[in-house]
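In: Based on what follows, work out the 3D shape:
(2 chains, ligands or ions: 1)
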Amino acid sequence: MPETRQLSYGEAIYEATLQEMERDPSVFVYGLGVDDPKGHYGTTKDFHERFGPDRCFDTPLSEDTMTGLGVGAALMGMRPIHVHQRMDFLLLCMNQLINMAAKYHYVSAGQWSVPMVVRASIGRSWGQGPQHSQALQSMFAHVPGLKVVAPTTPYDAKGCFIEAIRDNNPVIFIEHRLLYANKGHVPEESYTVPFGKARVLKEGDDVTLVATTHMVVEALRAREQLKTIGIDAEVIDLVSLSPIDTETVSKSVNKTDALVVVDNGWENCGISAEVIAKVAELNPTNFPKFARMGFAPVTCPTTKVLENEFYPNSTSIAQKVNRLLNEDQGNSWNPVPMKATEIEAFKGPF
Amino acid sequence: MLTIRLVEEKVAVIYHTDAVKSPVHLSIGQEAPSVAVCAALEKNDMVIGTYRGHALYLAREGDLDAMVAELYGKSEGCGRGKAGSMHLGDKSIGMPHTSAIVATGMPNAIGVAFAQKFKKENAITACFIGDGAVDEGAVSESMNFAGLKKLPLLIIVENNQFAIHSPISTRMPRPNFVERAAAFNVAGASVMDNDLDSMLSTSQAAIDHVRSGQGPFLLEIATYRWKEHVGPGDDWALGYRTKEDASPWFENDPLKLCGERIAADRRLALESKVKEQITRAFDRAEKGTFPDPAEMWDNVYA
Ligand SMILES: Cc1ncc(C[n+]2csc(CCOP(=O)(O)OP(=O)(O)O)c2C)c(N)n1
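Out: Residues are numbered from 1 along each chain as shown, chains lettered A, B, ... in the order given. Just a heads-up that it's a prediction; the model follows:
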């Protein structure tokens, strides 16, 4: 397969779903608006026509109950994919996800399982504000029985999505809206990307820069900025948030002796803390320099000037790395800002 | 029905020994709804119950030894001790392990019924809830979806008038379950007379309705919990209900009235056989093995 086959992140999810629906008649897609003309950024666009309304259907606005619907269908051996327009809406599904989906297998000593995928889009961009932009991965990663993945590249989006569908557990599949248009190489044939594996996207010797979802894009840009002052960062996309691939991170840290974790979420009790703790547990005596970054510990404001303050960006990441490695330089380094076209391009309306 | 009553009475008797080490929600006095509905169900149908689930599990012919062992936290139990009284279930009887979060089984029931319809199984789902669960949004939302998709779902509301100690009058401005169901195109009927024959015939009619593809059905069955909400004792002293309120329910006890219809010698023979099974089940549970501590790690993920 030539590396030239390019798909967007959204197209990769569409293709993964299509191939799995063709392969396995027990797979179905449901959620608010999945069969509407926009088809959730095109990721579900024509499934209702291809597979009929039993396998791709809109639902009443009943998030918790519709989650329970998927759980029940999964108990019967079906493979539901529940699509949410915003991750924020999953807060209405916590009861079914945590009290039910995560419990059936354990409490029945393995008699039942819940092979279900929940797609959650982080809605950041263009003034989405406090309730349409949240990234709540830590809440789910906290719970045994759930798996949580957040791929960044189109290649991983397709492979992880097929893996999620075939997995016999409830999987929270986190997408970031600003990634949908990103293009990358995606093989046409079906393939899976196993969970619990982080991906080293760029090698480097001076610092290990671990990031999640859209922050991976920022970290890659920060790497370019750091290059200009001779810092060679290794960028790792965590991809799988539960389970976490401590081994890959740890191996990199052993080489670089410095770790910066940038989560696409808040720091408190978050994925960044978890990664650092896990690496520390593996290397209790020889712990590297470390730092973490995430959203500011405030509610996400709507107006652009404040929103810009809220999120880490490539410059703030690069500066953080520089401060960690070169304590003497303080805050004096101001790299040339990089264009974040995926952030600037988005103009709504939703 | 007799087995359920006697098992639960035995649980109440041994509870003080702390062999169970977990809450029990007894169905003593309200066994009949589970028994009547399950009598009219087929083997390939599915049932969804609640933490008050001993009656349903046994009415569905769940293994008695496995249930008592589960209460004792033993590895011979139907959840190898991980479930306990509040989460009984068994795949072999089409009963997913139950939930102790009120009304959470209901959305799963519509999912199970959705799958039955999708797979064109000639099977239905019977979901048991209490009157308290009807307060929850999940029940309204589930009825909405079941009515919308004409799912093969039977909802049984075991109306024992209380959610713990709260009477319906403090919880609902218009406590008419059948009427609520109608708002969602869910058919309905109520059996208010605590009569086993009425429950049987109405259950059969409701199940025929659902199985013939006419859509979901809500069956309200008035019943009465004799014991405290959770635990083995009486709770008349609490004052939220009185023994006088309860007396018609004692007099019309479906088990007692049913027993009176059987010749005395046959009844005694039946009773001694059931008692023997129960004694054996408790003996086996006593002698059963606790799970190896390492089993804690099993089945976190499938
Ligand atoms: C969501 C939730 N809220 C509250 C409780 C506490 N609780 C346990 S049982 C119960 C009463 C439920 O009443 P009902 O549905 O009528 O069933 P019953 O116990 O009478 O069988 C309550 C409030 C709970 N377990 N779950």
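In: where's residue B:75 relative to the ligand, distance?
Out: 27 Å (Cβ to the nearest ligand atom, to the nearest Å). From N, CA and C alone the C-beta is placed, and that goes for glycine too.
In: swap in residue A:324?
Out: 46 Å.
In: quick one: that residue is in a helix?
Out: Yes - assessed by DSSP: H, G, I helix; E, B strand; the rest coil, residue A:324 belongs to a helix.
In: ok, it to chain B distance?
Out: For residue A:324, the distance to chain B equals 36 Å [Cβ to the nearest Cβ, to the nearest Å].
In: again, but for residue A:53
Out: Taking Cβ to the nearest Cβ, one finds residue A:53 at 10 Å from chain B.
In: now swap in residue A:342 and tell me
Out: 34 Å.
In: Please give me every residue in contact with the closest residue to residue A:302 other than its chain neighbours.
Out: Once flanking residues are discounted, residue A:302 sits nearest to residue A:129: 3.7 Å by Cβ to Cβ, 6 or more residues apart in numbering or on different chains. Each residue near residue A:129 by Cβ atoms under 8 Å, 6 or more residues apart in numbering or on different chains is listed here: A:300, A:301, A:302.
In: Selecting buried members of these in ChimeraX, what would you type?
Out: To isolate the buried ones among the contacts of residue A:129 in ChimeraX, judged by 16 or more other Cβ atoms under 10 Å in any protein chain shown, type:
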select /A:300,301
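In: ok, now which ones touch residue 167?
Out: You didn't say which chain, so I picked chain A. Per Cβ under 8 Å, 6+ apart, neighbours of residue A:167: A:115, A:117, A:147, A:195.
In: looking at chain B here, not the other one
Out: So residue B:167 contacts B:161, B:240, B:241 (Cβ under 8 Å, 6+ apart).
In: and which of the residues you listed is nearest the ligand?
Out: Minimum distance to the ligand across the contacts of residue B:167 is 8.2 Å, recorded for residue B:161 (Cβ to the nearest ligand atom).
In: give me the number of residues near residue 176?
Out: I went with chain A, as the question did not name one. For residue A:176, the neighbour count with other Cβ atoms under 10 Å in any protein chain shown is 27.
In: Actually, chain B is the one I wanted.
Out: Neighbour tally, residue B:176, other Cβ under 10 Å: 12.
In: can you check residue A:347 too?
Out: Residue A:347 has 8 nearby residues by other Cβ under 10 Å.
In: How about residue B:201?
Out: 14.
In: what about it, is that helix, strand or coil?
Out: Going by three-state DSSP, the state assigned to residue B:201 is helix.
In: The stretch 151-300 of chain B against the ligand: which residues are in contact?
Out: Proximity of the stretch 151-300 of chain B to the ligand is confined to B:160, B:162, B:163, B:164, B:229 under the rule Cβ under 6 Å from any ligand atom.
In: from the contacts of residue A:167, which is closest to residue B:255?
Out: Of all the contacts of residue A:167, residue B:255 sits closest to residue A:115, with 41.5 Å by Cβ to Cβ.
In: just checking, that closest one touches residue A:74?
Out: Yes - at 5.3 Å, residue A:115 counts as touching residue A:74 under the criterion of Cβ atoms under 8 Å.
In: any shared contact partners between those two?
Out: residue A:170.
In: Got the phi and psi for the residue nearest to residue A:302?
Out: phi 70, psi -160 (degrees, to the nearest 10).
In: where does the stretch 51-200 of chain B come near chain A, residue by residue?
Out: Listed as neighbours of chain A in the stretch 51-200 of chain B under the rule Cβ under 8 Å from any Cβ of the partner chain: B:79-80, B:82-83, B:87, B:89-91, B:96-97, B:99, B:101, B:104, B:106-116, B:118-119, B:137-138, B:141-142, B:144-145, B:148.
In: Name the helix or strand for residue B:275, please.
Out: helix B:264-287 (DSSP states H and E).
In: can you list the residues that contact that helix?
Out: Counting by Cβ under 8 Å, 6+ apart, residues outside helix B:264-287 touching it are B:2-3, B:6-7, B:10, B:14, B:19, B:64-65, B:67-69, B:71-72, B:74, B:76, B:259, B:262.
In: go again using 6 Å as the cut-off
Out: Contact partners of helix B:264-287, identified using Cβ atoms under 6 Å, 6 or more residues apart in numbering or on different chains, comprise B:2, B:3, B:6, B:7, B:10, B:64, B:65, B:68, B:69, B:72, B:74, B:259.
In: how close does the fifth one get to residue B:275?
Out: Remark: distance between residue B:10 and residue B:275 (Cβ to Cβ, to the nearest Å) = 9 Å.
In: How about the fourth one?
Out: When Cβ to Cβ is the yardstick, residue B:7 and residue B:275 sit 10 Å from each other.
In: in the chain, which ranges drop under the pLDDT threshold?
Out: Answering for chain A, as no chain was given. A:1-2 (pLDDT under 70).
In: Give me every residue in it lying close to chain B.
Out: Applying Cβ under 6 Å from any Cβ of the partner chain, we find that chain A lies next to chain B at A:54, A:60, A:62, A:65, A:68-69, A:71-73, A:75-76, A:78, A:99-100, A:105-113, A:144, A:168-169.
In: in the stretch 1-150 of chain A, which spans are strands?
Out: A:6-8, A:27-31, A:56-57, A:79-84, A:117-122, A:147-149 (DSSP state E, counting those that start in this stretch).
In: Repeat that for the stretch 151-300 of chain A.
Out: For the stretch 151-300 of chain A, strands defined by DSSP E, counting those that start in this stretch occupy the ranges A:171-176, A:183-185, A:199-202, A:207-211, A:233-237, A:240-242, A:258-266, A:289-295.
In: Now the residue of the stretch 51-200 of chain A found nearest the ligand: closest residue in space that isn't a chain neighbour?
Out: Among the residues of the stretch 51-200 of chain A, residue A:95 lies closest to the ligand, at 7.5 Å counting by Cβ to the nearest ligand atom. In space, and not counting its chain neighbours, residue A:95 is closest to residue A:64: 5.5 Å by Cβ to Cβ, 6+ apart.
In: Can you name the residues that contact the one you found?
Out: Counting by Cβ under 6 Å, 6+ apart, residue A:64 makes contact with A:92, A:93, A:95, A:96.
In: same thing with residue A:226?
Out: A:233, A:318, A:321.
In: Next up, the contacts around the last one.
Out: The neighbours of residue A:321, taking Cβ under 6 Å, 6+ apart as the test, are A:207, A:226, A:260.
In: Check which helix or strand the spatially most central residue of chain B maps to.
Out: For chain B, the residue sitting closest to the mean C-alpha position, by Cα atoms, centre = their mean, is residue B:56 at 3.8 Å. In the assignment (DSSP H and E), residue B:56 maps to helix B:54-59.
In: That helix - contacts with which helices or strands?
Out: Helix B:54-59 is packed against helix B:2-14, helix B:32-40, with contacts defined by 3 or more Cβ pairs under 6 Å, 6 or more residues apart in numbering or on different chains; DSSP states H and E.
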